[in-house]
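A.B. asks: Predicted structure and sequence below. I'll ask about it afterward.
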Amino acid sequence: MTLKDIAAEAGVSISTVSRVINNTDTKAASPQVRERIWEIVRRTGYIPNHSAQTLKLGHYEPPVTNRSLSCLYARTPDAPDNPFFQTIAKSAEVEAYRQDYFLKSSLTPFNVNNEETYRLIQRDTNGVVVLGRCDKPTLKFLKQYCHNVIYTGLNPLDAKYDQVLCDGYEATLLALDYLRALGHQYIGYVGEIEEENRYRAYCDFMKTSTVSFDPSYRVASPLTSSGGYDGAIQLLRQQQNLTAIFCGDDIAAVGVLRAVRDFGLRVPEDISVISIDDIETSQYLSPMLTTVHVPMEEMGTVAAKILIDRINGGHTLPMQIKLPFYLAKRESCAPPRKIAVI
């Protein structure tokens, strides 16, 4: 397989393929074309031949076989379809490819008790990028079968692995501080609750606010559009004083925005909505979503760099990297029309 072959199969020019796989021009092709090119690269296991480049530099390094990584979408079975995890995984894949590694497989928690997965990890994978919080069975699997592991997400992992984090606890506090500065006191929560830093931050924040903390202002729901919709409807029905909703992520916020409209209310005139992630879709919603920007691409890039450095013996002790975040102020938040009084 050559660049010419990939270009022919993808229906694009050789130069477009080169720019995409070397990440030299992020605007070289549309997202659909980039994904088509990367699908061919993954399927064929194409690795560029750098022999000519190294000879020009006066040295030659023999090609290394089996330079492959795997991604484990640990949080939920549908995580591979989540834009947040997709963006991190794609950035990790691009960086790995720059260093002559390729992403060989993507796994979910459903795969960890599969004998074929054991063989894949032990024989055909040099390292694993773990995306999202792990449960105990998944952690047990990693400890038993995976030698080189890096974790990336919003919740710190209680394990001695390399970790690339964006602090979900502090990011949540930033969002809630913004709502409080606008004048909101009755703030609801829609998202996951169990072992979740975002929920812990919400509880800590509300307990220290001027309004007594009321557990009925939170609804446990999956981080999906349907989960956000159902959670918001439940919240709106049981809390008439509600003036704002914090969503666990942007996907849930999509459902929350729809629920508020279906309930006969307006965003942000009646209910402010804020979330975390800043996926690409958030700026194209109506109203445009105010959200905490998480550096997803950088998380993937840094994770791949650290994992490959460990594979190559560059470090042995676990390291933890925290990346910054910021509030992307758009259209879904405003001061409450009036502060409700119980």
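C.D. replies: That came in fine, so what should we check first? Residues are numbered from 1 along each chain as shown.

A.B. asks: got the residue ranges for the strands in the protein?
C.D. replies: 68-73, 102-107, 127-131, 149-153, 162-165, 187-191, 218-220, 244-247, 272-277, 290-293, 320-322, 326-328 (DSSP state E).

A.B. asks: How far off centre is stretch 302-318?
C.D. replies: Centroid separation for stretch 302-318 versus its chain: 20 Å, with Cα atoms, centre = their mean, to the nearest Å.

A.B. asks: and it, which residues are buried?
C.D. replies: The neighbour-count check on stretch 302-318 (16 or more other Cβ atoms under 10 Å) flags 302-311 as buried. From N, CA and C alone the C-beta is placed, and that goes for glycine too.

A.B. asks: one step back: now render the strands of the chain as JSON lines, adding distance to G228 and mean pLDDT.
C.D. replies: Formatted as JSON lines, those follow (distance: least, Cβ to Cβ, whole Å; pLDDT from 0 to 100):
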{"stretch": "strand 68-73", "distance to G228": "20", "mean pLDDT": "89"}
{"stretch": "strand 102-107", "distance to G228": "25", "mean pLDDT": "81"}
{"stretch": "strand 127-131", "distance to G228": "20", "mean pLDDT": "93"}
{"stretch": "strand 149-153", "distance to G228": "19", "mean pLDDT": "95"}
{"stretch": "strand 162-165", "distance to G228": "24", "mean pLDDT": "97"}
{"stretch": "strand 187-191", "distance to G228": "6", "mean pLDDT": "96"}
{"stretch": "strand 218-220", "distance to G228": "10", "mean pLDDT": "95"}
{"stretch": "strand 244-247", "distance to G228": "6", "mean pLDDT": "97"}
{"stretch": "strand 272-277", "distance to G228": "9", "mean pLDDT": "98"}
{"stretch": "strand 290-293", "distance to G228": "13", "mean pLDDT": "98"}
{"stretch": "strand 320-322", "distance to G228": "27", "mean pLDDT": "96"}
{"stretch": "strand 326-328", "distance to G228": "18", "mean pLDDT": "98"}
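
A.B. asks: Which of the buried residues of stretch 302-318 sits closest to H293?
C.D. replies: Using Cβ to Cβ, V302 comes nearest to H293 of the buried residues of stretch 302-318, at 16.1 Å.

A.B. asks: Now for the closest one: which residues touch it?
C.D. replies: 164, 321, 323 (Cβ atoms under 8 Å, 6 or more residues apart in numbering).

A.B. asks: Most neighbours of all the residues you listed, which one?
C.D. replies: With neighbours taken as other Cβ atoms under 10 Å, the top of these is V164, carrying 27 neighbours.

A.B. asks: separation between the closest residue to P324 other than its chain neighbours and L157?
C.D. replies: With Cβ to Cβ, 6 or more residues apart in numbering as the criterion, P324 has its nearest non-adjacent residue at 7.0 Å, and that residue is P295. Using Cβ to Cβ, to the nearest Å, P295 is found at 18 Å from L157.

A.B. asks: do S225 as well
C.D. replies: Distance from S225 to L157, by Cβ to Cβ: 27 Å.

A.B. asks: Comparing the two, which residue is more hemmed in?
C.D. replies: Relative neighbour count places L157 above the other of S225 and L157, with 21 against 18, counting by other Cβ under 10 Å.

A.B. asks: how about the closest residue to that one other than its chain neighbours, what does it touch?
C.D. replies: Excluding the flanking residues, the one nearest L157 by Cβ to Cβ, 6+ apart is Y151, at 4.6 Å. Going by Cβ under 8 Å, 6+ apart, Y151 touches 130, 134, 157, 159, 161-164.

A.B. asks: so which of those comes closest to R34?
C.D. replies: Closest approach between these and R34, by Cβ to Cβ: V164, at 22.7 Å.

A.B. asks: so who does that closest one touch?
C.D. replies: Residues near V164 by Cβ under 8 Å, 6+ apart: 150-152, 299, 302-303, 306, 320-321, 323.

A.B. asks: so N82 touches D250, yeah?
C.D. replies: No - using Cβ atoms under 8 Å, N82 is not in contact with D250; the gap is 9.7 Å.

A.B. asks: more crowded one of the two?
C.D. replies: Using other Cβ under 10 Å, the more surrounded residue of N82 and D250 is D250, with 27 against 23.

A.B. asks: Verify the stated contact: that one with S275.
C.D. replies: Yes - counting by Cβ under 8 Å, D250 touches S275, with 5.1 Å between them.

A.B. asks: any common contacting residues for those two?
C.D. replies: Shared contacts of D250 and S275, defined by Cβ under 8 Å, 6+ apart, comprise 282, 289, 291.

A.B. asks: quick one: pLDDT of the second one?
C.D. replies: Yep, that's L289 we're talking about. You'll see L289 listed with a pLDDT of 98.

A.B. asks: got it, and the first one?
C.D. replies: You'll see S282 listed with a pLDDT of 94.

A.B. asks: Count the residues that sit near D124.
C.D. replies: Other residues close to D124 by other Cβ under 10 Å number 12.

A.B. asks: cool, and T290?
C.D. replies: Per other Cβ under 10 Å, the neighbour tally for T290 reads 25.

A.B. asks: cool, the one 4 residues further on as well?
C.D. replies: By the other Cβ under 10 Å criterion, the neighbourhood of V294 contains 27 residues.
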